[in-house]
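Visitor: need a 3D model of the following:
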Amino acid sequence: MALSTAILRAVPGAFILNSGISKLGMDAGTAEALRGMAAQGVPVLGKLTPEQFAKFLSYGEIAVGASLLLPFVPTRIAGLALGTFSGSLVSMYLRTPGMTQADGVRPTQEGTAIAKDTWLLAIAAALVLAGGKGKGAKTAE
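Guide: Here you go, the predicted model:
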């Protein structure tokens, strides 16, 4: 694995794994608030109970973080996991009222914390593209 790929995997992987571990056992009020925001971007999440959502979110973040950190997980698979996760965050950002300015893209003060998750989506794209080099792939010289 190239050093650049390892860095692209390790930094978000450690952050997301820590986030998932921190959410284990979250209280119902926090889970309800997070579920409400998440359902803006992925409406089906609104059908989960707060307890189900809390488990789904924490276990999901742990799985995505671990997939990025474990070197035996193929880079393309780790990138797809990160892309699914970060795509959901970006969708939530774009669909939640008050997160964007009138143009629907640039963040408001409240949306800045979530708009930064677009970086995760860019990292995911880089990992998917980097993971496309198989053993038999020819490189340009």
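Visitor: list the buried residues for the lowest-mean-pLDDT helix or strand in the chain?
Guide: Among the helices and strands of the chain, helix 112-115 carries the lowest confidence by mean pLDDT, DSSP states H and E, at a mean of 88. When neighbours are counted by 16 or more other C-beta atoms under 10 Å, the buried residues of helix 112-115 are found to be 114-115. The way it works is simple: take the backbone N, C-alpha and C, and place the C-beta from them, glycine included.
Visitor: so how far is that helix from its chain's centroid?
Guide: Using C-alpha atoms, centre = their mean, to the nearest Å, the distance from the centre of helix 112-115 to the centre of the chain it belongs to is 13 Å.
Visitor: pLDDT of whatever helix or strand comes next after it, averaged?
Guide: Where DSSP states H and E defines the elements, the next helix or strand beyond helix 112-115 is helix 118-130. This predicted structure assigns helix 118-130 an average pLDDT of 94.
Visitor: which other helices and strands does helix 118-130 contact?
Guide: If contacts are counted by 3 or more C-beta pairs under 8 Å, 6 or more residues apart in numbering; DSSP states H and E, helix 118-130 sits against helix 3-23, helix 75-95.
Visitor: dump the ones you listed to a markdown table, plus mean neighbour count.
Guide: Output for the helices and strands packed on helix 118-130, formatted as a markdown table (neighbours: other C-beta atoms under 10 Å):
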| stretch | mean neighbour count |
| --- | --- |
| helix 3-23 | 16 |
| helix 75-95 | 19 |
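Visitor: rewinding a little: which helices and strands sit right next to the least confident helix or strand of the chain?
Guide: Packed against helix 112-115 by the contact rule (3+ C-beta pairs under 8 Å, 6+ apart) you find helix 75-95.
Visitor: who are the packing partners of the helix it packs on?
Guide: Judged by 3+ C-beta pairs under 8 Å, 6+ apart, helix 75-95 is in contact with helix 3-23, helix 28-41, helix 50-69, helix 112-115, helix 118-130.
Visitor: please render those helices as CSV that adds distance to Met99 to the earlier fields.
Guide: As requested, those are arranged in CSV below (distance: least, C-beta to C-beta, whole Å):
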stretch, distance to Met99
helix 3-23, 19
helix 28-41, 9
helix 50-69, 19
helix 112-115, 6
helix 118-130, 12
